[in-house]
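Chemist: Below are the sequence and a predicted model; questions follow.
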Amino acid sequence: VSDEFFSIPIKDSIDDRLEIVCIGGVNEAKGITDVVLVAAGCYSRGIAFRIRVAGQILASQVDYFNEVQRLIDEYNVPPSALEFLGEVQDIPALLSEADIALTMSHREASPMAVWEGLAAGRIVISTDVGSVSDHVEHGVNGFIVTLGGSESVVSIIEKTSQKKIDLAGVRKAARAVAEKHFTVQAIAERHKNIYSQVLG
């Protein structure tokens with residue numbers, strides 16, 4: 001993970017509205033329809049929030065995005081609650097404004113958005129895909145939910161808004177695990193060890 005993410009100040013408070021970012025392309029593998037269900041659940045509970053989705057909508061994904069829009073209309077999710085930003089060049093700047101880094105992926109081996117959220121010291125909420133559970137300990141340095149677990153995500157967001165979790169502790173633990181596993185130095189050392197083993 002780029003050093004830019006580690007330089008983002010860890011937030012020590014929550015404003016009147018929770019800022020939630022979801023980083024990745026708009027496609028089925030990223031679970032964007034589940035993000036809509038999260039937005040609908042938060043809206044129905046009266047939580048003050050905004051979800052912003054950063055990622056391209058490719059021509060091959062137009063049908064899927066139409067399904068996303070259909071769900072938005074079905075659940076009456078207002079534009080103020082769920083915003084699609086398209087491709088975003090400055091992800092560190094986007095994360096610096098966020099309270100929560102949300103990943104609802106259905107399939108992913110090593111979700112970079114999760115590692116970047118940890119490095120930024122944000123409250124990370126992710127589905128249990130790939131190697132997420134190797135680095136995220138539920139309730140300690142982030143939160144893991146089952147695939148399609150939109151209701152669980154809404155509950156975590158609600159508790160976050162009500163400050164019913166140790167926000168400072170989770171944020172510091174998130175940064176600490178990223179510093180241990182995802183810095184350039186840590187990854188370089190891991191590669192060095194692999195080469196050393198192969199070469200004997």
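Modeler: Good, I have the coordinates.
Chemist: Please enumerate the strands of this protein.
Modeler: Secondary structure of the chain (DSSP state E): strands at 18-23, 49-54, 82-86, 100-103, 123-127, 143-145.
Chemist: what's the spacing between the shortest one and its chain's center?
Modeler: Computed by Cα atoms, centre = their mean, to the nearest Å, the separation of strand 143-145 from the middle of its chain amounts to 11 Å.
Chemist: Now the worst-scoring helix or strand of the chain on mean pLDDT - C-alpha only, CSV.
Modeler: For the chain, using mean pLDDT, DSSP states H and E, the weakest element among its helices and strands is helix 184-199, scoring a mean of 81. Presented in CSV, the C-alpha positions along helix 184-199 are these (Å, rounded to 0.1, in the frame of the first residue of the first chain):
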residue,chain,number,x,y,z
VAL,A,184,6.4,-1.3,0.9
GLN,A,185,9.1,-2.3,3.4
ALA,A,186,7.0,-5.2,4.8
ILE,A,187,6.1,-6.5,1.3
ALA,A,188,9.7,-6.2,0.1
GLU,A,189,11.0,-8.1,3.1
ARG,A,190,8.4,-10.9,2.4
HIS,A,191,9.5,-11.1,-1.2
LYS,A,192,13.2,-11.2,-0.1
ASN,A,193,12.4,-14.1,2.2
ILE,A,194,10.7,-16.0,-0.6
TYR,A,195,13.6,-15.5,-3.0
SER,A,196,16.0,-16.6,-0.3
GLN,A,197,14.0,-19.8,0.3
VAL,A,198,13.9,-20.6,-3.5
LEU,A,199,17.7,-19.9,-3.9
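Chemist: residues contacting residue 128?
Modeler: 144-147 (Cβ atoms under 8 Å, 6 or more residues apart in numbering). C-beta: built from backbone N, CA, C; applies to glycine.
Chemist: how about a cut-off of 6 Å?
Modeler: residue 144 (Cβ atoms under 6 Å, 6 or more residues apart in numbering).
Chemist: now residue 29
Modeler: For residue 29, the contact set (Cβ under 6 Å, 6+ apart) comprises 106-107.
Chemist: Mind doing that once more with 8 Å?
Modeler: 105-108.
Chemist: In this protein, mark out all the helices, start to finish.
Modeler: Using DSSP state H, the helices of the chain run over residues 3-6, 32-44, 62-74, 91-96, 112-119, 132-135, 150-161, 167-181, 184-199.
Chemist: in stretch 167-185, what counts as buried?
Modeler: For stretch 167-185, a neighbour-count test (16 or more other Cβ atoms under 10 Å) marks 167, 170-171, 173-175, 177-178, 181-183 as buried.
Chemist: need the residues you listed in TSV with pLDDT, can you?
Modeler: TSV is the format used below for these (pLDDT from 0 to 100):
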residue	pLDDT
167	94
170	97
171	97
173	98
174	98
175	97
177	96
178	96
181	91
182	88
183	82
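Chemist: which of these sit farthest apart?
Modeler: Using Cβ to Cβ, the pair of the buried residues of stretch 167-185 lying farthest apart is 167 and 183, separated by 23.6 Å.
Chemist: show me the contacts for the residue nearest to residue 49 when sequence neighbours are not counted.
Modeler: Among residues not flanking residue 49 along the chain, residue 18 sits closest, at 4.2 Å (Cβ to Cβ, 6 or more residues apart in numbering). Residue 18 is in contact with 47-50, 99-100, 157, 160-161, counting by Cβ under 8 Å, 6+ apart.
Chemist: All set, thanks.
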